[in-house]
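**Q** Here's a sequence, model it:
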Amino acid sequence: MHHKRGGYSYLIRPILILIDLVILMLFSRYMVPYLANTQFYVVLVVTWLLSAYLLNFYVVYRFTKVLTIISLLIKQATLILILLYAYFGLLRISSISFRDNFKYIFVATVSIGIIKVIVYYLLRRYRSYLGGNKRRVIIIGNNKSAQQLKTFFEKRKDLGYQVLEVFSDDLTNKIKDSFDFLEKEDVDEIYCSIDEISDEIVNEYVKYADQHYSVLKFIPDSQRIFSKRLETNYYEYLPVLSIPEISLNSASNRAIKRTFDIVFSLLVIIFILSWLLPVLYILIKSESKGPLIYSHRRNGINYKEFVCYKFRSMQHENYSDLTQVKKEDHRVTKIGRFIRRTSIDELPQFFNVLFGDMSVVGPRPHMLSYTKEYAKRIDKYNFVFRHSVKPGITGMAQVKGYRGEVANNEDIVNRIKYDIFYIENWSLLLDMKIIINTVINIIRGQEKAY
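**A** Numbers count the residues shown, from 1 in each chain. Next comes the predicted model:
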C-alpha cells in the first residue's frame, strides 16, 4: 500500500463521498417517501458510485476550476436520472412521478454541489492564510516554462504549492544536486523541464518517485505537441504533464492480473519445466560448457533492474559480447537454435513471473544498454509510459512480428506503438488472446525467431 502524502488530505474524498450518500438518502426520505426502502437505498448508492466512477466525479484537484466542478455536477445528475429510470423501467414500476424524481435529484445534487464548493473554497482559504494542506515541490529546470510555473506557484498561494528549490545546470544548484536534496527533504511533487534533462536523469527521477511515493510531473516546452500518452493539466495557461494512473495499475486490475500470472506460471513450472529442465540440462551441457540458465539484468517496471532468466542458447564464453543475436549467428549452439526458434529459451522467465518481476503478458524487457540506446530514438514521453507496467514474457509487439533483432528505427518504433496500445487497452481477454497467438506463432514459426 502506498504511503499517503499531504497529511490527512487523502481523507477528504472518502468523507465527501459519505456526506453525498447521506444527503441522497435523507432527501429521498422526505421528497420521495414512497421509494424510501432498503432496496431503493442499495440501488441509489450503487448508481451514484457507478456514475461517479464513470464520470470521475470525485477526481477534483486543487488546481481544478469551479466551472469544472459545476459541469461534473450537471453530468452526474443527468446520468443518475437516466440510470434510475432505467431501473424503474426494468422493474416495471409505473407509480413513479417524473416531476417528483427530477425535483429530488435536482435538489439533492444542488445541495451536494454547495457543499463541494464550500469545501473547495475553505481549503483555499486554509492554504492561503493558515499555510496548511501544502504540497512541497521542487522544480528541475530554469527555462521560460519552468520560470512561469515557479511564478504561478508563488502567486497562487491558495493552491498550496511550496517551492522548496529550483535546480538547473544554469544555476548554482545543479541538477545533480537535486538527488542529495531529495534524500534530505520530504518532497511531495517533482516538476521536470524535460527538455533540460537527459533520458538517464529522467529514469532516475522516475525511480525515485516510485520508491518514495512522490508525484513526478513534466514541464513541456511551449512549442511541443503534447503526447496523448500523458495526462495534461493546466495551471491557468501553463500545461503540466504527468504519467496517468492507467487502468492496468488500479488495485483491482493489478490483483486480477497478478492472480492470473501466479496460476499460469505455476501450471507451466509444474507441468512443463519440471520434466523439461533435466532434459535440456543434458542437451545443453553435452554440446557446450557453462550453466543451464543464463542470468542477465534488464529494466522492469519504472526502470527497476531485475535479474532475468533464460535457458542458455549460446557458447558460454561469448555471453560477454552483448550485441544482439543476428541470423546465422556463430555464437548460437545447435540446441540453442532450436530452443530460440521455439521460444523454449524464455520458459525460465516464468520464475520471474512467480517472483513478481515480470508478467506473463506485457512489453518485453530490454537489456540495460539497449534501454538507453532505444530511449534516444523514441519520444521520451512514450518511452517512460512503456515502463509504467511490468514487462512480459510475451507481448502484443512480439505476436505482431516485432521481436528479436532491432535492425532499424522502424522496428523499435512499431514495437513501442504496440506496447502502448496494449497498456491503454488491457483486459484479461486481451492477455488470453496474446498467449494463444504466441502459441500459434511458435507452431508456425516466425521470421525473426533466431
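**Q** Where does pLDDT dip in the stretch 151-300 of the chain?
**A** 221-230, 236-237, 243-245 (pLDDT under 70).
**Q** all helices of it, in order?
**A** Along the stretch 151-300 of the chain, counting by DSSP state H, counting those that start in this stretch, helices occupy 177-184, 199-212, 251-268, 274-287.
**Q** Now do the second one against helix 177-184, angle only.
**A** Inter-element angle recorded for helix 199-212 and helix 177-184: 10 degrees (by axes from the mean of the first three to the mean of the last three C-alpha atoms, to 10 degrees).
**Q** what does the third one give?
**A** Comparing the axes of helix 251-268 and helix 177-184 via the same axes, to 10 degrees yields an angle of 90 degrees.
**Q** Please name every helix or strand in contact with helix 251-268.
**A** Judged by 3 or more C-beta pairs under 8 Å, 6 or more residues apart in numbering; DSSP states H and E, the packing partners of helix 251-268 are helix 349-355, strand 359-361, helix 428-444. Bear in mind the C-beta positions are built from the backbone N, C-alpha and C, glycine included.
**Q** which residues touch that helix?
**A** Helix 251-268 is touched from outside by 247-248, 347, 350-351, 353-354, 356, 359-360, 426, 428, 431, with contacts defined as C-beta atoms under 8 Å, 6 or more residues apart in numbering.
**Q** cutoff 10 Å now
**A** 1, 246-250, 273-274, 276, 347, 349-356, 358-362, 389-390, 392-393, 426-428, 431-432, 435 (C-beta atoms under 10 Å, 6 or more residues apart in numbering).
**Q** Buried residues, it. List them.
**A** Neighbour counts using 16 or more other C-beta atoms under 10 Å place Lys257, Phe260, Asp261, Phe264, Ser265, Val268 of helix 251-268 among the buried residues.
**Q** Next one: the fifth one from Val413, what distance?
**A** Ser265 sits 31 Å away from Val413, going by C-beta to C-beta, to the nearest Å.
**Q** Equivalent analysis for the second one, please.
**A** Plainly put, Phe260 is 30 Å away from Val413 if you go by C-beta to C-beta.
**Q** Spatially central, which residue of the protein would that be?
**A** Ile246 (4.0 Å; C-alpha atoms, centre = their mean).
**Q** for that one, what are its contacts?
**A** Contacts of Ile246 (C-beta under 10 Å, 6+ apart): Arg229, Glu231, Asn253, Phe385, Ser388, Val389, Ile423, Glu424, Trp426.
**Q** Met358 too?
**A** Applying C-beta under 10 Å, 6+ apart to Met358 gives the contacts 261, 265, 298, 300-301, 306, 308-309, 349-352, 364-365, 390-393.
**Q** show me where the stretch 51-200 of the chain has strands.
**A** 135-140, 161-167, 189-193 (DSSP state E, counting those that start in this stretch).
**Q** how about CSV for these, with mean neighbour count and distance to Asp177 added?
**A** Listed next are the strands of the stretch 51-200 of the chain as CSV, based on neighbours: other C-beta atoms under 10 Å; distance: least, C-beta to C-beta, whole Å:
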stretch, mean neighbour count, distance to Asp177
strand 135-140, 21, 11
strand 161-167, 19, 6
strand 189-193, 23, 14
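**Q** wait, which of those strands is closest to Tyr104?
**A** When the strands of the stretch 51-200 of the chain are compared by C-beta to C-beta, strand 135-140 sits nearest Tyr104, at 38.3 Å.
**Q** what angle sits between that closest one and strand 161-167?
**A** If you take the same axes, to 10 degrees, strand 135-140 sits at 30 degrees to strand 161-167.
**Q** Let me see the confidence value for Asp411.
**A** Here, the pLDDT recorded for Asp411 equals 73.
**Q** go on, Lys134?
**A** 85.
**Q** Quick one: the strands of the stretch 51-200 of the chain as CSV, columns for distance to Ser51 too.
**A** Converted to CSV, those look like this (distance: least, C-beta to C-beta, whole Å):
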stretch, distance to Ser51
strand 135-140, 29
strand 161-167, 31
strand 189-193, 30
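**Q** Of those strands, which is nearest Val46?
**A** Of all the strands of the stretch 51-200 of the chain, it is strand 135-140 that lies closest to Val46, at 33.8 Å by C-beta to C-beta.
**Q** So in that sheet, which strands flank that closest one, and in what orientation?
**A** Paired strands of strand 135-140, with direction, are strand 161-167 (parallel), strand 189-193 (parallel) (DSSP bridges).
**Q** List just the nearest of the buried residues of helix 251-268 to Ile138.
**A** Nearest to Ile138 among those is Lys257, at 33.6 Å by C-beta to C-beta.
**Q** Return the most buried member of the helices and strands packed on helix 251-268.
**A** Counting by mean count of other C-beta atoms under 10 Å, strand 359-361 has the highest mean neighbour count of the helices and strands packed on helix 251-268, with a mean of 27.
**Q** Tell me which strands that one pairs with, and in which orientation.
**A** Here strand 359-361 is paired, per DSSP bridges, with strand 392-394 (parallel).
**Q** following the strand it pairs with, which helix or strand comes up?
**A** Scanning forward in sequence from strand 392-394 by DSSP states H and E, the next helix or strand is helix 396-399.
**Q** Counting by contacts, list what the following helix or strand past that next one packs against.
**A** Per DSSP H and E, the first helix or strand lying C-terminal to helix 396-399 is helix 409-424. On a contact count with 3 or more C-beta pairs under 10 Å, 6 or more residues apart in numbering; DSSP states H and E, helix 409-424 meets helix 368-377, helix 380-386, helix 396-399, helix 428-444.
**Q** so how far is helix 409-424 off the chain centroid?
**A** With C-alpha atoms, centre = their mean, to the nearest Å as the basis, helix 409-424 stands 16 Å off its chain's centre.
**Q** tell me the contacts of Asp431?
**A** 256-257, 260-261, 264, 359-362, 392, 394-396, 422.
**Q** how near is it to Asn56?
**A** 26 Å.
**Q** now Ser214
**A** To Asn56, Ser214 is 23 Å away according to C-beta to C-beta.
**Q** okay, the two: which has more neighbours?
**A** Ser214 (20 against 10; other C-beta atoms under 10 Å).
**Q** My understanding was that that one contacts Ser178; is that so?
**A** No. Counting by C-beta atoms under 10 Å, Ser178 is not a contact partner of Ser214; they are 12.0 Å apart.
**Q** Need the residues touching each of the two.
**A** Overlap of the contact sets of Ser214 and Ser178 (by C-beta under 10 Å, 6+ apart) consists of Ile138, Val187, Ile190, Tyr205, Tyr208.
**Q** Return the closest of these with respect to Tyr61.
**A** The nearest member of these to Tyr61, counting by C-beta to C-beta, is Ile190 at 16.6 Å.
**Q** Spit out the contact partners of the closest one.
**A** With contact set as C-beta under 10 Å, 6+ apart, Ile190 has these partners: 137-140, 167, 178, 182, 205-206, 208-209, 212, 214-218.
**Q** No more questions from me, cheers.
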